[in-house]
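S.K.: build me a structure from this.
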Amino acid sequence: MPLSNEDNLRINVLLRQNLYALRIDESKMLIDALTERGEGQVVLSANCRDEKYIAMVKELISTYVLGSPLGYPVYIHRWIRMGQSRKEESLQNLLKLGEPEAVVAVANSRDLPVEVARHAWWAQPTEENARILLQHQSVVDDALGQELAVFLMEFLPFEADALRIVETVSLLLQPGVLSDEDRQSLWKKAAHKSPYYPGFLIATANDLPLNT
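M.R.: So this is what the prediction gives:
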């Protein structure tokens, strides 16, 4: 059974815009899009089981972006968490698939352009993605770095995993990411949450705020 005529038309129109990234909300049957003109949305009208319908939607998107409805699995497994260096156009195409693991692949890519990083953050604004993106100097040097820092500072008190706390603190302490006031705030919190200390030692071993 094909997609409904209305969905088929709207998705094809969407894909032919200057598209930066897609998000597919399978629970709400929505496609969110980031385009040159701003954000857009397609509300899906399934004519079969939702799971099957979403699969057909992804096949349509994959066919347009990669040239094959079966292209996604083969294509993406070469990318996942490998830190590969790829052309900006290829990175951008991955963000159009609406697949979370594709976003992770882009975020882990070497030499990530900051514009693509912004689109990857829109596509998947999670703490994991924020940490990955803050490993790129292009992001640290951009206003996006400060945006990610604010997000991680708000999330950090709720993080229970000690290793993730260490990693997050060390990333936040990169030069230019936090204000002096926020750095001091982190140091004071370390007195009550010891995993903060290794993060300071990793990032600023020779410049610890010991007198504050």
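
S.K.: CA atoms only for the helix or strand harbouring E147, dumped as PDB, please.
M.R.: Following DSSP states H and E, the helix or strand that holds E147 is helix 143-155. What follows is helix 143-155 as a C-alpha-only set of coordinates in PDB (Å, rounded to 0.1, in the frame of the first residue of the first chain):
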ATOM      1  CA  ALA A 143      28.300  31.000  19.700                       C
ATOM      2  CA  LEU A 144      26.900  27.500  19.400                       C
ATOM      3  CA  GLY A 145      29.500  26.400  21.900                       C
ATOM      4  CA  GLN A 146      28.000  28.800  24.500                       C
ATOM      5  CA  GLU A 147      24.500  27.600  23.700                       C
ATOM      6  CA  LEU A 148      25.600  24.000  24.200                       C
ATOM      7  CA  ALA A 149      27.300  24.900  27.500                       C
ATOM      8  CA  VAL A 150      24.100  26.500  28.900                       C
ATOM      9  CA  PHE A 151      22.200  23.300  28.000                       C
ATOM     10  CA  LEU A 152      24.800  21.100  29.700                       C
ATOM     11  CA  MET A 153      25.100  23.300  32.700                       C
ATOM     12  CA  GLU A 154      21.300  22.900  33.200                       C
ATOM     13  CA  PHE A 155      21.500  19.200  32.700                       C
END
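
S.K.: same question for that helix, mean pLDDT?
M.R.: Model confidence over helix 143-155, given as mean pLDDT, is 96.

S.K.: next: stretch 123-139.
M.R.: Per-residue pLDDT values over stretch 123-139 give a mean of 96.

S.K.: that stretch: end-to-end distance?
M.R.: Length of stretch 123-139, first residue to last, Cα to Cα, to the nearest Å: 16 Å.

S.K.: buried set for it?
M.R.: Of the residues in stretch 123-139, those buried by neighbour count under the rule 16 or more other Cβ atoms under 10 Å are 123-124, 127, 129-134, 136, 138-139. Using the backbone N, CA and C atoms, a C-beta is placed for each residue, glycine as well.

S.K.: redo the residues you listed as TSV? Include distance to L34.
M.R.: Formatted as TSV, those follow (distance: Cβ to Cβ, whole Å):
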residue	distance to L34
A123	7
Q124	12
E127	20
N129	15
A130	17
R131	21
I132	19
L133	16
L134	21
H136	19
S138	19
V139	17
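
S.K.: tell me which two of those residues sit farthest apart.
M.R.: Spanning the widest gap among these are E127 and S138, at 20.0 Å by Cβ to Cβ.

S.K.: which of the three states applies to I31?
M.R.: Going by DSSP: H, G, I helix; E, B strand; the rest coil, the secondary structure assigned to I31 is strand.

S.K.: I'd say it and I11 touch.
M.R.: Yes: with contact taken as Cβ atoms under 8 Å, I31 and I11 are classed as touching, separated by 7.1 Å.

S.K.: give me the common contacts of the two.
M.R.: Taking Cβ atoms under 8 Å, 6 or more residues apart in numbering as the contact rule, the neighbours common to I31 and I11 are 42, 57.
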